[in-house]
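Asks: Model the structure of this input:
(chains A and B)
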Protein chains: 2
Amino acid sequence: MIVWALLTSVGINLGLCLLFFTLYSVLRKQPSNLEVYAPRLVAAKEGSEQKNGFNFERLLPTAGWVKRAWQPSEDELLSVSSLDAVVFIRIFIFSLRVFGFAGIVGVLILLPINYLGNQLDVDFDFSDLPNKSLDSFSISNVNDGSKCGVVCYLLHYEYGYISSKRYAHYYSSKPQPHQFTILVRGIPVSSGSSCSETVERFFTEYYPSTYLSHAVVRRTNELQRLTSDAEKLYRRLVHLKSETKPQQRSRRDGFCGLFGRKVDVLDQYGKKLENLEDNVRMEQLSVAGKEVPAAFVSFKSRLGAAIALHIQQGTNPTEWVTERAPEPQDVHWPFFSSSFTFFSSSFIKRWISKLVVVVACAALTILFLIPVVIVQGLTNLEQLETWFPFLKSILNLTVVSEVITGCISFSQIEKSACTKMLWFTIWNIFLANTLSGSVLYRFNIFLEPKKIPGILADAVPAQASFFIAYVVTSGWTSLLSSELFRLLPLISSIIKRPFSGKDDDEFEVPSIPYHSDIPKVLFFGLLGITYFFLAPLILPFLLVYCCLGYIIYRNQLLNVYAPKYETGGRFWPTVHNSTIFSLVLMHVIAIGIFGLKKLSLASSLTVPLPILTLLFNEYCRKRFLPIFKDYPVECLIKKDREDQNDPTIAVFYDKLRTAYKDPALMPKRHPRSTDDHNSPLLQAGV
Amino acid sequence: MIVWALLTSVGINLGLCLLFFTLYSVLRKQPSNLEVYAPRLVAAKEGSEQKNGFNFERLLPTAGWVKRAWQPSEDELLSVSSLDAVVFIRIFIFSLRVFGFAGIVGVLILLPINYLGNQLDVDFDFSDLPNKSLDSFSISNVNDGSKCGVVCYLLHYEYGYISSKRYAHYYSSKPQPHQFTILVRGIPVSSGSSCSETVERFFTEYYPSTYLSHAVVRRTNELQRLTSDAEKLYRRLVHLKSETKPQQRSRRDGFCGLFGRKVDVLDQYGKKLENLEDNVRMEQLSVAGKEVPAAFVSFKSRLGAAIALHIQQGTNPTEWVTERAPEPQDVHWPFFSSSFTFFSSSFIKRWISKLVVVVACAALTILFLIPVVIVQGLTNLEQLETWFPFLKSILNLTVVSEVITGCISFSQIEKSACTKMLWFTIWNIFLANTLSGSVLYRFNIFLEPKKIPGILADAVPAQASFFIAYVVTSGWTSLLSSELFRLLPLISSIIKRPFSGKDDDEFEVPSIPYHSDIPKVLFFGLLGITYFFLAPLILPFLLVYCCLGYIIYRNQLLNVYAPKYETGGRFWPTVHNSTIFSLVLMHVIAIGIFGLKKLSLASSLTVPLPILTLLFNEYCRKRFLPIFKDYPVECLIKKDREDQNDPTIAVFYDKLRTAYKDPALMPKRHPRSTDDHNSPLLQAGV
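Replies: Sure thing, here's the model as predicted:
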């Protein structure tokens, strides 16, 4: 019955995948869909030439895009996208290698054993586990060790490879504001002077040769509200101007005016806008007094910034707290203006806010079990699968909103959300599912650690067929439908098209949502590693997923997504840790299974494996992790010396002085003609 | 019966204490004991004047020394001793405050409740615990919280006070070599060049303005052996010269010479010494090639050293690893020359050696249970007490020898030994004793955390009388006998006296053994905090101990011990952590007791207390701990600027260049006359 259900599920999803694949091949060639399928190219004005031509080929499904996505080398991908994108693609390459190796071992060793053994269908149906022969287990134990060794080797290789890429990328980078800047918090403002004066005095005193400038952070929430109101009004005005003819305006006026006086709508809107702009200017003046005890401090050299970053500044460690500045376009300004004043002005408050986030996340993780349990209690396997997307979207929302408190940049938010999403996924999809039905009751096991292997060994193999179905539905189909086919953007574009006309202003190139995509890929990695020796049948499905993912994400990175920021591959340590966790989980399950089978020797032989894996992880933390945190003196000084010989550095310093200015504080003029209009967002991205 | 045994024990020990006190008062005035009771003064040649005078007062026991130990202010103590000594004395002041407060609460609240209650002897005999009234428990719960609050307040105050002392001490310090120097390990020596050249090239390249000099570490174990042989021979020669007359020498020659040729012993020894000295010189030349990839690198400014210390140097984080340099006289050279070559040359080896130490310590802790269990199985309470000193001395030996691997300075060794001794003491004396008899069986409880409070609540109160006796014997009596009376040094001095004569050369001023004394005091703190509400009767005994300790240790620091190094109070975080642990342990026991008594409300009300305590600890870690690790930019630059105006800094730089030279490499000449003789140890302490 389960085999049949699985085959049906695979069949249906295979059909869906083919459908989406075909549709995508056709739809992507239609000029009207360019904004959905190639927004990057549209933004770069590269795709505009195709718009007018029409030929029959446009209606034929072709696979040319696969070739185009396959062809570019890693360096080319790096040059058109970011190092983060390359690192993301490396996750697929890494997974392909791991599962490729696991697949070969599975076919060459595990399958023959199973074939020679008593049962033929042990692969994914583990209900007959207790009857299995002893030999296969001792061999799978050996495999366990050898696979662990191979995965560790691959992890080490990949960590080293990405480290070298990170250095190479840094060496080849132009001077960038965030390399020269730090964020200082907890500035001890004395009563007599302003925050800006205090910062100026402190850094000219202690960094006389390298200090360049600073930008004190101000509370701009009121100003942001006014500016965004003015912006909306201006857009409406521009729209009115371009859409309606003067006659229509005057005719409409007649309908609106209740006092009988004829007023031009455009004039009315114009006056309102002027009033708002006056308010904005007044607020801009008053905002100068709304200082937050935090500032972006820029230095003349990277080494200067690194020194201020790494060494405690004041005698009180909770004052003059320094941290890395994000890229200017990466700064999450609303955080500074709203919660920053309340949460982050003093050390204790900031610390309490962090605690609150941790407690809230823990509570959320536990509370999220309730819907899972309810769903599990009410429904069977198929319904569970249909429910999951809904639950996951709740999860997505709550995690993201939770995580925003405390992060000063979008990249930090995404990185934090990525880790949290990963653990939420593992907790809620893997553990809550495998320990099915009685999760809340079994929650106790975390207080009795020695029972964990046994319980996992009991529960995990039973869910093999569910997770194979999960790979097919949540992996293949959702990858093709939501990632490649971009179902939601496509629908919203189709709906908007008749109304919006040529309103290019609101068009924005999306950025890849690392915080939801990386955990998904890593979760499949976890499934592959833990089910490797329990149900090798999962491997071909995962291999297909990885191949699809590799091609599709390359295509999307080249055509759809534009990088919003560059962390230089800082996501990789998360990938590494997740893989280590998967390995240890595999070992724990193996120990549990050998324990259940009363193979105490095999069980004891497996015990050193998780310890060795953790030691390997500890080694990698020492060897590679520092590289993903900071750049060494060697790099900093080499780059600084390059700059000294660079004649354009003076221009860069000038840009640096204003790089970290809150976009709300930029002087803004709304021109009366539509041609030279710039959105404030573009202005901010200096 | 138990009360009677306790009273006997207290009586006997009180008598012993009085005896030691009286004997000390008399003996310390005898000139012949000056080297035992005032070696510091002897070394400073202050005590030499008294040697000849004799009066009757010398035979009368007086308490004048108590006054002299009491009088000096903290600043005076700091000036004659070290900040570490002041911090050590602060432990007693802190304990006195805590126990003073606890005593007042105990007398004013707990005792009346017990008096009004049904039983009068609940204080230290907890066998009738289940009959106790509800009220006393709810009140002791309130006390629990209030005491926790007071202890936390005192901890905070003390941490802040010692932090400010640390800064003040740093500001007032003269330029010292270790402030300008770092130790670099994992130097990547390329095949073409020497280690010294590599270091020189790297630091002149990246620190051109602040780099001063370096001293590559060399394997000198062979040289050390030769030097110490030469030293011994030279001592014998000097002794022979001064003791025997020429006639005796020639007469003795006749007995010795088997070949009939008459040889002067002095000449023979002199020739041997010359040969050895030749060997030493040859080894000194050959040692130049035995470079270890590690070096002490000195800078011209404190900030320069701090930058190199805090920022990763090379692109590979396992190369150019920097750490703080100890004071020159604090360097543990044998470590460099022996184990360093094997263990610490490469990153991986050093890391493995650290792992080995951790594993060995864990194994030792567990194995040490076996003698404890045997002793507990064989004997009763009194015998246990007599066995403990023996067990503790084994412990001492093994811990200290264990800990030496991996520490490059004596202060590090002592600090590491201090922490390990503390946990060993808590584990082996507190836990192993309270969970008596069936320890090995109960070892399982650490795998079932939720059972711990119940088991502790069951076991800890039962041991109250044992620990009161422990305070009296191991606290009072051993403090007076071994610390004040210095029983072992006194005996060894009495035995040596007839043989040694006036051999002042071998006389060395001892340093205070922090690694064994701090854990002892902290363990009594733990007893006081955990038994505060279980058996308030322990408090007066602890108060007496603290008063005794305060006076005696002040006396010893002024007269006996000379500081061997200065860590600037780095021991305090250990004291803080230990107190936090004691508080949490108290809460856990309270929760367990309320649980046993089925007072679930009181039990639930206690649960937030350990969490709040841990949060407080987390806050202190952020607020104060960084101060005990490094000095901030503000301090470094202020001190550096002072130096710039100091005319003597050039002289200091010259001294700095040679400060970190292995004493074995110092050119050594043994003069033929005894007057200008200097031991190599004194030469090294430049």
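
Asks: Remind me which helix or strand the closest residue to chain B within the stretch 51-200 of chain A belongs to.
Replies: Proximity of the stretch 51-200 of chain A to chain B (Cβ to the nearest Cβ) peaks at A:Tyr167, 5.9 Å away. (Each C-beta comes from the backbone N, C-alpha and C, glycine too.) Following DSSP states H and E, one finds A:Tyr167 within helix A:134-172.

Asks: mind listing what whichever helix or strand comes after that helix pairs with, with the direction of each?
Replies: Remark: after helix A:134-172, the chain's next helix or strand is strand A:181-185, criterion DSSP H and E. Sheet pairing here is set by DSSP bridges, and for strand A:181-185 it gives strand A:291-299 (antiparallel), strand A:321-324 (antiparallel).

Asks: ok, back up a step: name the helices or strands packed onto the helix holding A:Tyr167?
Replies: helix A:83-105, helix A:111-116, helix A:572-596, helix A:600-606, helix A:608-623, helix A:625-629, helix A:633-644 (3 or more Cβ pairs under 8 Å, 6 or more residues apart in numbering or on different chains; DSSP states H and E).

Asks: Out of the ones you listed, which gets nearest to A:Leu237?
Replies: Shortest distance between A:Leu237 and the helices and strands packed on helix A:134-172, using Cβ to Cβ, is found for helix A:83-105: 38.8 Å.

Asks: can I see the domain layout of chain A?
Replies: What automatic domain parsing lists as the domains of chain A is A:2-175+A:368-401+A:410-498+A:508-634, A:177-220+A:290-326+A:333-351, A:222-287+A:656-684.

Asks: returning to that earlier point: ok, which of the strands paired with strand A:181-185 comes nearest A:Leu558?
Replies: strand A:321-324 (29.7 Å).

Asks: Can you tell me what sits against the helix or strand that that closest one is followed by?
Replies: Remark: after strand A:321-324, the chain's next helix or strand is helix A:333-337, criterion DSSP H and E. If you take Cβ atoms under 8 Å, 6 or more residues apart in numbering or on different chains as the criterion, helix A:333-337 is touched by A:217-221, A:224, A:292, A:294, A:404, A:407-408, A:662-664.

Asks: go on, stretch A:145-154?
Replies: Contacts of stretch A:145-154 (Cβ under 8 Å, 6+ apart): A:94, A:97-98, A:101-102, A:105, A:529, A:532-533, A:579, A:583, A:586-587, A:606, A:609, A:612-613, A:616.

Asks: So for that stretch, mean pLDDT?
Replies: Stretch A:145-154 carries an average pLDDT of 86.

Asks: Any buried residues in that stretch, and which?
Replies: Across stretch A:145-154, burial judged by 16 or more other Cβ atoms under 10 Å in any protein chain shown covers A:145, A:147-148, A:151-152, A:154.

Asks: for stretch A:613-623, same thing?
Replies: Within stretch A:613-623, the residues that count as buried by 16+ other Cβ under 10 Å are A:613, A:616-617, A:619-620, A:623.

Asks: from those residues, which is closest to chain B?
Replies: A:Arg623 (5.6 Å).

Asks: count of neighbours near the residue in the stretch 101-250 of chain A positioned nearest to chain B?
Replies: The stretch 101-250 of chain A approaches chain B most closely through A:Tyr206 (5.3 Å), counting by Cβ to the nearest Cβ. For A:Tyr206, the neighbour count with other Cβ atoms under 10 Å in any protein chain shown is 21.

Asks: Tell me if I'm right that it and B:Leu636 touch.
Replies: No - if you go by Cβ atoms under 8 Å, A:Tyr206 and B:Leu636 don't touch, sitting 9.1 Å apart.

Asks: any idea how far A:Ser493 is from the closest residue to A:Lys290 other than its chain neighbours?
Replies: In this structure, A:Lys290 finds its nearest non-sequential neighbour in A:Arg219, 4.1 Å apart by Cβ to Cβ, 6 or more residues apart in numbering or on different chains. A:Arg219 sits 38 Å away from A:Ser493, taking Cβ to Cβ, to the nearest Å as the criterion.

Asks: For chain A, what lies in contact range of chain B?
Replies: A:167, A:206, A:306-308, A:310-318, A:347-348, A:351, A:355, A:447-450, A:615, A:619, A:622-627, A:630-637 (Cβ under 8 Å from any Cβ of the partner chain).

Asks: now the residues you listed: which count as buried?
Replies: Buried residues within the residues of chain A next to chain B, defined by neighbour count using 16+ other Cβ under 10 Å: A:167, A:206, A:306-308, A:310-318, A:347, A:351, A:619, A:623-627, A:630-637.

Asks: that older thread, the helix holding A:Tyr167 to helix A:83-105, inter-axis angle?
Replies: With axes from the mean of the first three to the mean of the last three Cα atoms, to 10 degrees applied, the angle from helix A:134-172 to helix A:83-105 works out at 160 degrees.

Asks: all helices for the stretch 301-450 of chain A, in order.
Replies: Counting by DSSP state H, counting those that start in this stretch, the stretch 301-450 of chain A has these helices, from start to end: A:302-310, A:333-337, A:339-343, A:347-367, A:369-378, A:381-404, A:410-425, A:432-434, A:439-442.
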